[in-house]
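S.K.: Need coordinates for the following:
(chains A and B, ligands or ions: 2)
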2 protein chains.
Amino acid sequence: MSSGVQLSFTIGWIAMLLGGVLFWLISRRLPQVEKRHGVAAMTIVFVAFANYFAMALGQGDIFFNGRTVYFARYTDWVITTPILLASLAMFASNSLSRIATLLAALVAADVYMIVTGLVGNLSSAPYNYYWWIISMIAFLVVLGLIWGPLRQRASEDGQMAPFSKLAGMLTALWVCYPIVWLVGSSGADLISVTVESWLYLVLDVTAKVGFGFVALSAARQGQSRAH
Amino acid sequence: MSSGVQLSFTIGWIAMLLGGVLFWLISRRLPQVEKRHGVAAMTIVFVAFANYFAMALGQGDIFFNGRTVYFARYTDWVITTPILLASLAMFASNSLSRIATLLAALVAADVYMIVTGLVGNLSSAPYNYYWWIISMIAFLVVLGLIWGPLRQRASEDGQMAPFSKLAGMLTALWVCYPIVWLVGSSGADLISVTVESWLYLVLDVTAKVGFGFVALSAARQGQSRAH
Ligand SMILES: CC1=C(/C=C/C(C)=C/C=C/C(C)=C/C=O)C(C)(C)CCC1
Ligand SMILES: CC1=C(/C=C/C(C)=C/C=C/C(C)=C/C=O)C(C)(C)CCC1
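M.R.: Residues are numbered from 1 along each chain as shown, chains lettered A, B, ... in the order given. Ligands and ions are numbered 1, 2, ... in the order given. Next up, the predicted model:
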């Protein structure tokens, strides 16, 4: 592993850890009914911490089909992205049971996206591109569900302002992942592994710590407004 | 891979994809409360699509203990059979929480059945037969739970007519799997790998696309009857 890649992993686990401490401090001051947002945000960053830590120790990669695959990225994403979606969904409705079917569909498409992405990363050309396309379709389903039925739900019985803000932030960040994947070592190899790992680092920190911070702030404000 | 086997995989992923499109069209017209049936049916066929696609590309098998094991069949089944059971259970009760324990037991026995079946497929004789017996016992537990407590539940607060139809269809199809396994390459090797793969294909398409179609039709009718 090059020292640039190594450094990005070290910064990764430290950033996730700091994010976790931050969320813990904010959560303590959240009213009881909004604590669920804190639980989601903390779970996300601590899972990411463990995966970055594993990669920093050299335990999160395998050599397969002639290249190094950082599979720990996928074990991170497959757990954290469903929680990120649940996090967003909690602003669309106060009762998860009322959006259970929708959330189930979102999580199914999302897990499908991550797993087929991993299969693609373990495949040689041109198969990796086939899997990228399959994963992209699942991703479009995720976005379609967010901006269609979930948004509809939010406008009926959710908190529209934080929902729109978070859905926009999520969309803007998430669309970058398939692009990095495509130009990175899993795809056309147009950028170096070092650049790739720094891009994922910036995305991961923003999509987890940044997103969580915005979500927790909204949860605190939403609550104080409701009283 | 022989061309007959290859062809069965290609037909497999195409059939699953077409099933997915069909279910999507039907789901759009389902009333809100019945959409969960559509989500289940679509998830099942899209997962099967990915596994058949991987097998068609030659990515779904490993050479182990002197024979080719199509492990992607098991990654398909271990995800789709629990959803098929959930699908059936949704006709036994409108509220999944009221049959949560029962569904947990069903899924536990079912996953046990698939995983021990995979271990058997990776074993040489006579060990493979031991695992077949263990897997069969789990299968009998699944059937016992369906025709005992779950059926009881359906008669109390479910929709008995579609439940009986689907449970019968499921039982008739599922019992064929251990037979194919036993006479196929995983067992006594009495049939060729080509015949084996076509038998699994017919079973998989019927147990997923056929079953899903019957379930979605029942969901649509059940709803219109309730109003
Ligand atoms: C569509 C697509 C992908 C999408 C990945 C996404 C959307 C990941 C999001 C990760 C987040 C948000 C992590 C942590 O916060 C992959 C898997 C790269 C494979 C190629 C196609
Ligand atoms: C009992 C038994 C088995 C049962 C398999 C079954 C029942 C599979 C069902 C698959 C379906 C329904 C797939 C898709 O729709 C195995 C694993 C062959 C191993 C041998 C013993």
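
S.K.: When you work out contacts or count neighbours from here on, use the C-alpha atoms and nothing else.
M.R.: OK.

S.K.: Name the residues of chain A found near chain B, please.
M.R.: Neighbours of chain B within chain A, by CA under 8 Å from any CA of the partner chain: A:T101, A:A104, A:A105, A:A108, A:A109, A:Y112, A:T116, A:Y127.

S.K.: Would you mind confirming that A:V119 is in contact with A:W132?
M.R.: No - using CA atoms under 8 Å, A:V119 is not in contact with A:W132, being 9.1 Å away.

S.K.: coming back round to it: show me the residues of chain A next to chain B that map onto strands.
M.R.: Counting by DSSP state E, these place none of their members in strands.

S.K.: Sticking with the most centrally placed residue in chain A, tell me its helix or strand.
M.R.: Nearest to the mean C-alpha position of chain A, by CA atoms, centre = their mean, lies A:T81 at 4.0 Å. Using DSSP states H and E, A:T81 sits in helix A:72-92.

S.K.: ok so, going back, who has more neighbours, A:V119 and A:W132?
M.R.: Using other CA atoms under 10 Å in any protein chain shown, the more surrounded residue of A:V119 and A:W132 is A:W132, with 23 against 17.

S.K.: A:G120 is in contact with that one, correct?
M.R.: Yes - with contact defined as CA under 8 Å, A:W132 reaches A:G120; the gap is 6.3 Å.

S.K.: Show me which residues of chain A sit near ligand 1.
M.R.: Contact residues, chain A versus ligand 1 (CA under 6 Å from any ligand atom): A:77, A:81, A:113-114, A:117, A:132, A:135-136, A:139, A:174, A:177-178, A:181, A:204, A:207-208.

S.K.: all helices in chain A, in order from the N-terminus.
M.R.: A:3-28, A:35-56, A:72-92, A:100-121, A:127-145, A:151-157, A:160-174, A:176-183, A:193-205, A:211-226 (DSSP state H).

S.K.: Tell me which of those helices lies nearest to B:G144.
M.R.: helix A:100-121 (27.9 Å; CA to CA).

S.K.: Please enumerate residues in contact with that closest one?
M.R.: Helix A:100-121 has contacts (CA atoms under 8 Å, 6 or more residues apart in numbering or on different chains) with A:69, A:71, A:74, A:77-78, A:81-82, A:85-86, A:89, A:127-132, A:134-139, A:141-142, A:145, A:149-150, A:186-187, B:35-36, B:39, B:43, B:47, B:50.

S.K.: For ChimeraX, what selects the buried ones among those residues?
M.R.: Here is the ChimeraX selection string for the buried members of these, based on 16 or more other CA atoms under 10 Å in any protein chain shown:
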select /A:69,71,74,77,78,81,82,85,86,89,127,128,129,130,131,132,134,135,136,138,139,141,142,145,150,186,187 /B:35,36,39,43,47,50
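
S.K.: how close does the closest residue to A:M90 other than its chain neighbours get to ligand 2?
M.R.: Nearest non-adjacent residue to A:M90, counting by CA to CA, 6 or more residues apart in numbering or on different chains: A:L96, 6.8 Å away. Distance of A:L96 to ligand 2, computed by CA to the nearest ligand atom, to the nearest Å: 29 Å.

S.K.: go on, A:K35?
M.R.: Between A:K35 and ligand 2 the distance is 40 Å, computed by CA to the nearest ligand atom.

S.K.: Pretty sure that residue sits against A:S27.
M.R.: Yes - A:K35 is within contact range of A:S27, at 6.3 Å (criterion: CA under 8 Å).

S.K.: Just the CA coordinates for stretch A:39-53, please, in CSV.
M.R.: Extracted in CSV, the C-alpha atoms of stretch A:39-53 (Å, rounded to 0.1, in the frame of the first residue of the first chain):
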residue,chain,number,x,y,z
VAL,A,39,-28.4,6.5,17.2
ALA,A,40,-28.4,6.4,13.4
ALA,A,41,-25.6,9.0,13.0
MET,A,42,-23.4,7.3,15.7
THR,A,43,-23.9,3.8,14.3
ILE,A,44,-22.9,5.1,10.8
VAL,A,45,-19.6,6.7,11.8
PHE,A,46,-18.5,3.9,14.2
VAL,A,47,-19.1,1.3,11.5
ALA,A,48,-17.0,3.4,9.1
PHE,A,49,-14.4,3.9,11.8
ALA,A,50,-14.0,0.1,12.1
ASN,A,51,-13.7,-0.3,8.3
TYR,A,52,-11.2,2.5,7.9
PHE,A,53,-9.2,1.1,10.8
